[in-house]
Every structure is written in structure tokens, then in C-alpha cells.
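Visitor: Fold the following, please.
(one chain, ligands or ions: 1)
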Amino acid sequence: MVDARKVKDMVAKKSSQFVGNIASGGKVPPHKHCRICQEAISVKADPRVCKQQACIDQNEKDEKNQRSVRIAMFVFFGLFAVPYLLVLVNRLF
Ligand SMILES: [Zn+2]
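Guide: Model prediction:
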């Protein structure tokens, strides 16, 4: 048999925990996290990194990487798009 009182207690505890989480969550001021080390930083921080030089360097490196990946994607796409367009043009004429 299931002890009804125990179940009731458990439900009460769970719901009070839930309410507690919402209450404390509302008190946290708006903030961002460093994208490298996840440390809390100012909302206005731009780029989104803390003041550690290691994080600033890492962020710069990542941005450079992203830029080269984007360029590589454009080139890759172009390699596929050009022959496709040529075939399309050949079919039309
Ligand atoms: Zn950091």
C-alpha cells in the first residue's frame, strides 16, 4: 500500500522547492557570461568576454576562425554553384 501521507509530504516539498526556485531566480540581476570561461560579466560587455587576457585572446582567435570558416563556406558553395549554373544555362540554350 502507498502511504498517502508520505506522498502528500513529498508533493508539498517538491512544490515549495519549485516556488523557491522561481523566487530566487527572479532576484538574479540581468547578466551575461564570458563565452570562454562562463564567468558572470556585465550585460554591456562587448565582445562577450571577461577582462582576462586569456579570454580576450581566445575570443579573438575564435572570431578569426569563424571568419575563415565563413570564407571557406562561400568558396565551397561557389565551387558547387558555378558548374550547376553552367549546366542550367546550357539546358536553357
Ligand atoms: Zn573569461
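Visitor: where does this protein have low pLDDT?
Guide: 1-2, 11-12, 14-26 (pLDDT under 70).
Visitor: show me the residues around the residue nearest in space to the middle of the chain that make contact.
Guide: Centroid-nearest residue in the chain, with CA atoms, centre = their mean: residue 35, separated by 8.7 Å. For residue 35, the contact set (CB atoms under 8 Å, 6 or more residues apart in numbering) comprises 47-49, 59. In short, each C-beta sits where N, CA and C put it, glycine included.
Visitor: Pipe those residues into CSV and attach neighbour count, secondary structure and distance to the ion per row.
Guide: Shown next, in CSV, are the contacts of residue 35 (neighbours: other CB atoms under 10 Å; DSSP: H, G, I helix; E, B strand; the rest coil; distance: CB to the ion, whole Å):
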residue, neighbour count, secondary structure, distance to the ion
47, 12, coil, 11
48, 15, coil, 9
49, 24, coil, 5
59, 17, helix, 8
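Visitor: that older thread, what separation is there between the residue nearest to the centre of the chain and the ion?
Guide: The gap separating residue 35 from the ion is 8 Å, by CB to the ion, to the nearest Å.
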